[in-house]
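Visitor: here is a sequence with its predicted model. Questions after.
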Amino acid sequence: MSANRRFRNVTRIGPVQVATSYDGRGREKHTAACTAPRCGFSTDYDSRAAAELAANTHRCPVR
């Protein structure tokens, strides 16, 4: 998968950013990614609500 995506509708919930983009097959995907150093949390979801829920419940192990 290409790392060069165009993200839109980017919001921040704590240290996690939630954004919307299209995958390689043209489907809309929603990504939640933690911006804390050495965390590594990043997942794709089919719905925006699921990505925002993951951002709200994410507990970063790096403190």
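Guide: Ah, there it is.

Visitor: against Glu52, how distant is the closest residue to Glu28 other than its chain neighbours?
Guide: Take Glu28 and drop its neighbours on the chain: the residue closest to it by C-beta to C-beta, 6 or more residues apart in numbering is Tyr22, 5.9 Å away. C-beta: built from backbone N, CA, C; applies to glycine. Distance, Tyr22 to Glu52, by C-beta to C-beta, to the nearest Å: 19 Å.

Visitor: who has more neighbours out of the two?
Guide: A direct count of neighbours by other C-beta atoms under 10 Å for Tyr22 and Glu52 places Glu52 higher, at 17 against 13.

Visitor: so who does the more buried one touch?
Guide: Glu52 makes contact with 11, 13, 18, 32, according to C-beta atoms under 8 Å, 6 or more residues apart in numbering.

Visitor: what's the closest of the residues you listed to Ser42?
Guide: Ser42 has its nearest neighbour among these in Ala32, at 7.2 Å by C-beta to C-beta.

Visitor: partner residues bridging the closest one?
Guide: Counting by DSSP bridges, Ala32 forms beta bridges with Val18, Thr43.

Visitor: which intervals of this protein have sub-threshold pLDDT?
Guide: Low-confidence segments of the chain (pLDDT under 70): 1-5, 63.

Visitor: change it to 80
Guide: Applying pLDDT under 80 to the chain flags residues 1-5, 62-63.

Visitor: just the strands in it please.
Guide: 8-13, 16-22, 28-34, 42-45 (DSSP state E).

Visitor: for Pro61, which of those is the nearest?
Guide: With distances scored as C-beta to C-beta, the stretch of the strands of the chain nearest to Pro61 is strand 28-34 (9.8 Å).

Visitor: which strands and helices sit next to the closest one?
Guide: Helices and strands touching strand 28-34, by 3 or more C-beta pairs under 8 Å, 6 or more residues apart in numbering; DSSP states H and E, are strand 16-22, strand 42-45, helix 48-57.

Visitor: could you dump the ones you listed to JSON lines with distance to Ala36?
Guide: Rendered in JSON lines, the data for these read as follows (distance: least, C-beta to C-beta, whole Å):
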{"stretch": "strand 16-22", "distance to Ala36": "9"}
{"stretch": "strand 42-45", "distance to Ala36": "11"}
{"stretch": "helix 48-57", "distance to Ala36": "12"}
